[in-house]
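S.K.: please find the sequence and the predicted model below.
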Amino acid sequence: MPAPDAIILYGDIEESTLVDEPNLLVQSMTFNATRERREYKGGEGYIKGLQYRNPLLTISFRAFISTAAGIAIAHPGSEITELANFESTTHGFDPSVGILVLEDPVTERDTENADQISGNVVHFPFITA
């Protein structure tokens with residue numbers, strides 16, 4: 001007898017596109033695209049021009065640690081060479097250019113669950129390794 005389906009869907013619901021990263025069982029990822037805004041005001045005190053610069057993509061993640069290696073034990077500021085969930089252009093950010101840097105990793109341990117990690121990976125599109 002074959003194993004039952006892991007997920008059964010009814011209705012018009014798309015399955016998650018998240019995939020696990022090496023050594024991590026990914027629970028969630030958030031992609032936050034930002035730019036710094038500069039405002040230029042005239043003598044009357046109101047904004048007459050805007051400039052948006054320094055585009056950054058911050059990828060926040062939460063995952064169970066399957067193996068204590070790679071991102072799971074990386075030092076803050078470490079370059080991350082690839083992310084399986086950032087394989088194609090997202091909000092105009094191209095993963096084939098720039099670098100990815102790990103920031104703010106937090107490991108959580110408790111008696112009820114496997115160890116978990118959360119943190120941010122920032123895409124700096126204009127820096128070359």
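M.R.: Right, received. Where do you want to start? For clarity, every value in this text was computed on a predicted model and none was experimentally measured. Numbers count the residues shown, from 1 in each chain.

S.K.: next, the contact list for the residue nearest the centre of the chain, please.
M.R.: The centroid of the chain falls nearest to residue 59 when counting by C-alpha atoms, centre = their mean (2.0 Å). Applying C-beta atoms under 8 Å, 6 or more residues apart in numbering to residue 59 gives the contacts 29, 30, 31, 32, 83, 85, 86, 100, 120, 121, 122, 123. Glycine gets a C-beta too; all of them are placed from N, C-alpha and C.

S.K.: which of these count as buried?
M.R.: 29, 83, 85, 86, 100, 120, 121, 122, 123 (16 or more other C-beta atoms under 10 Å).

S.K.: and the third one, that's in a strand?
M.R.: In other words, residue 85. No: per DSSP: H, G, I helix; E, B strand; the rest coil, residue 85 lies outside any strand segment and is coil.

S.K.: for residue 97, phi and psi?
M.R.: phi -120, psi 160 (degrees, to the nearest 10).

S.K.: if you could redo that for residue 71, that was the one I meant.
M.R.: Torsion angles at residue 71 (phi, psi; degrees, to the nearest 10) stand at phi -60, psi -30.

S.K.: so which bits of the helix or strand hosting residue 31 are buried?
M.R.: Taking DSSP states H and E as the definition, residue 31 sits inside strand 24-41. Using 16+ other C-beta under 10 Å as the test for burial, strand 24-41 gives 24, 26, 29.

S.K.: just stretch 115-129 next, same as before
M.R.: 116, 117, 119, 120, 121, 122, 123, 124.

S.K.: tabulate these (TSV), appending secondary structure, distance to residue 68 and pLDDT.
M.R.: Below are these laid out as TSV (DSSP: H, G, I helix; E, B strand; the rest coil; distance: C-beta to C-beta, whole Å; pLDDT from 0 to 100):
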residue	secondary structure	distance to residue 68	pLDDT
116	strand	12	96
117	strand	10	97
119	strand	15	97
120	strand	20	98
121	strand	18	98
122	strand	23	98
123	strand	25	98
124	strand	27	97
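
S.K.: of all those residues, which comes closest to residue 49?
M.R.: residue 124 (26.0 Å; C-beta to C-beta).

S.K.: spit out the contact partners of the closest one.
M.R.: Contacts of residue 124 (C-beta under 8 Å, 6+ apart): 56, 98, 99, 100, 101.
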